[in-house]
Structures are given as structure tokens and as C-alpha cells.
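>>> Pasting a predicted model and its sequence here:
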Amino acid sequence: MPVSNALTESEISREIFSLNGRRILVTGASKGLGREIAIGLARFGATIALVARSKDGLTETAALIEEAGGATPIVRAVDLRDPDNIEETVESVVAELGGLDVLVNNAADDHDSPIEDTSLETWQRVIDLNSRSVWLLSKAAGPHLRASGGYGKVINVASVLGIVGVRDNTAYVMSKHAVIGLTKALALEWARKGVQVNALCPGFVVTEMTTHMHADEAGNRWVVKQTPMGRWGQTTDFVGSVVFLSSRASDFMTGQALLVDGGYTTQ
């Protein structure tokens with residue numbers, strides 16, 4: 001039986017973007033886009049569980065959430081490349097939050113080199129975090145999301161490079177295409193179980209991961225030229241999209257790859 005959760009007119013006017021009472025797990029939350037996402041979701045009323053490898057980074061994110069007026073977040077410093085960590089992390093977060101409504105799979109790594117210069121170990125490192133951990137986290141979170149009363153959401157942070165390719169980045173491009181494939185397949189599995197699964201596909205964003213390219217004159221010029229809006233994305237450019245995908249505003253949307261890329265993929 002499909003789960004119906006249609007909004008009333010009063011809810012549309014008052015509550016459509018509210019995240020009050022929502023329990024959200026955000027991975028890769030120690031810096032960059034993950035940090036900005038977590039802070040933004042907390043500002044809209046969600047209680048956040050922060051997951052990443054860096055305890056110091058997570059502590060900084062937690063402090064920023066509290067400074068912004070958000071509820072004190074849960075912090076879990078774990079390496080998501082280790083599959084043994086994932087189910088235990090999800091279960092401990094759910095126990096402390098009392099459930100789980102939204103999973104934001106944001107943690108990722110990158111490596112730039114031609115395929116001939118990319119070792120199997122490097123390829124595996126990228127795939128393990130960018131793709132395998134997303135699959136394992138979704139699998140572990142699934143029962144709890146389905147138990148959230150029709151409010152379950154999965155947001156997989158993919159990339160424009162999950163839609164198109166670039167040279168000398170096969171591991172990352174492959175991993176992000178896999179994330180979009182998982183998004184579509186899982187959306188179909190859970191479409192009648194009260195869980196929506198969507199992907200967010202950022203364009204080129206100024207983060208620690210892209211510092212080398214942003215600081216390089218030629219690399220910076222290429223991004224600006226290739227992006228119709230003529231600039232890099234900032235982490236704040238993506239908060240609204242994640243709030244939308246986490247809220248009731250997106251209740252009839254699933255299996256989609258939402259492109260927020262300054263027009264990059266329109267060409």
C-alpha cells in the first residue's frame with residue numbers, strides 16, 4: 001500500500017520547509033559542503049548527527065551549529081571506508097536521536113590523474129568512500145527511514161561529474177555516476193514505503209577538496225569560463241536545495257538528480 005502524506009493548504013503555507021522535529025544524519029560534516037549543509041539544516045529546526053573522520057572538525061561544526069541557534073548535535077568520528085563502522089554508527093545515532101528521518105550521504109574523496117597513473121589502491125580508496133559507503137549507509141538506515149511515518153528521505157550528494165565526464169578523473173567520475181544509479185534504483189525500491197531518494201549534483205564548488213584547482217590560475221579560469229554564471233559555487237549555494245530535499249516540499253519527488261551547477265551541464 002503506497003504511503004500517502006499529502007499536504008493540506010495550511011501546511012503548505014506554514015510548514016512546507018520546516019524541519020522541526022526532523023532527525024538527520026549528515027556524513028562528511030567536518031568541513032566544506034557537509035559542514036554548511038549541517039548548519040543550514042539545523043537552522044531550519046532539525047536535530048543533526050555529524051559523521052566524519054575528523055573529531056576536531058566535527059567539534060568545530062557542532063560549535064557553529066550551536067552558535068547559529070541549532071540543537072546540540074550528535075558527533076561520531078568514524079572512517080566510513082571501513083564497512084564495519086557503518087551499521088554500528090547508524091544504530092548508535094538512531095538510539096540517541098530516537099529514530100532517523102533523513103540521511104545525507106555527503107562524504108567523498110577525489111583524485112586527479114590519467115587512468116594509466118591511477119593505482120588500483122587509489123581507485124579503491126575513492127570508490128570505497130564515494131560509492132560503497134553510500135550503499136552501506138542507505139542499507140543500514142533503511143529500516144529506520146521506513147519507520148519514520150512517511151517522512152523518510154535520502155539525499156545523495158553526487159556531482160555534475162555523475163552526469164558528464166572530465167579528463168584525468170576516472171575514479172571520481174565513476175564513483176559519482178554510481179551514486180546517481182543507486183539513487184534511481186533505491187528510489188524505486190522505496191517509492192511505496194514512505195521514503196524518497198534523490199541526488200544533489202553540485203557544480204564546481206570552493207572547498208578544501210578543490211583548493212588546488214581554485215588556486216591554480218589556469219584551473220580557476222577554466223571553471224569560470226565553463227560555468228555560464230561565470231563563477232565558482234560557494235558552499236552556501238547548496239543549503240536551500242538540501243533543505244528542500246529534506247522537507248515536505250519534496251514529498252512527491254524521488255529518483256531525481258537535482259543539478260545546482262551554475263548552468264554547467266546546460267551546454
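Nice, I can see it.
>>> list the helices and strands the longest helix anywhere in the chain packs on?
In the chain, assigned by DSSP state H, the helix with the most residues is helix 170-190. Applying 3 or more C-beta pairs under 8 Å, 6 or more residues apart in numbering; DSSP states H and E, we find helix 170-190 packed against helix 120-127, helix 133-146, strand 152-157, strand 195-202. Placement of C-beta: from N, CA and C, glycine included.
>>> got the buried residues for the longest one?
Pointing back at helix 133-146 there. 133-138, 140-142, 144-145 (16 or more other C-beta atoms under 10 Å).
>>> Rebuild those as JSON lines, extending it with pLDDT.
Output for the buried residues of helix 133-146, formatted as JSON lines (pLDDT from 0 to 100):
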{"residue": "S133", "pLDDT": "98"}
{"residue": "V134", "pLDDT": "98"}
{"residue": "W135", "pLDDT": "98"}
{"residue": "L136", "pLDDT": "98"}
{"residue": "L137", "pLDDT": "98"}
{"residue": "S138", "pLDDT": "98"}
{"residue": "A140", "pLDDT": "98"}
{"residue": "A141", "pLDDT": "98"}
{"residue": "G142", "pLDDT": "98"}
{"residue": "H144", "pLDDT": "98"}
{"residue": "L145", "pLDDT": "98"}
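>>> Any regions of this structure where pLDDT drops low?
Scanning the chain with the threshold set as pLDDT under 70 gives 1-14, 208-211, 213.
>>> Show me the strands in it, by range?
23-27, 47-52, 74-77, 102-105, 152-157, 195-202, 257-260 (DSSP state E).
>>> on that earlier part again, in a markdown table, list the buried residues of helix 133-146 along with distance to A185.
Listed next are the buried residues of helix 133-146 as a markdown table, based on distance: C-beta to C-beta, whole Å:
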| residue | distance to A185 |
| --- | --- |
| S133 | 17 |
| V134 | 12 |
| W135 | 10 |
| L136 | 15 |
| L137 | 15 |
| S138 | 10 |
| A140 | 17 |
| A141 | 16 |
| G142 | 13 |
| H144 | 20 |
| L145 | 16 |
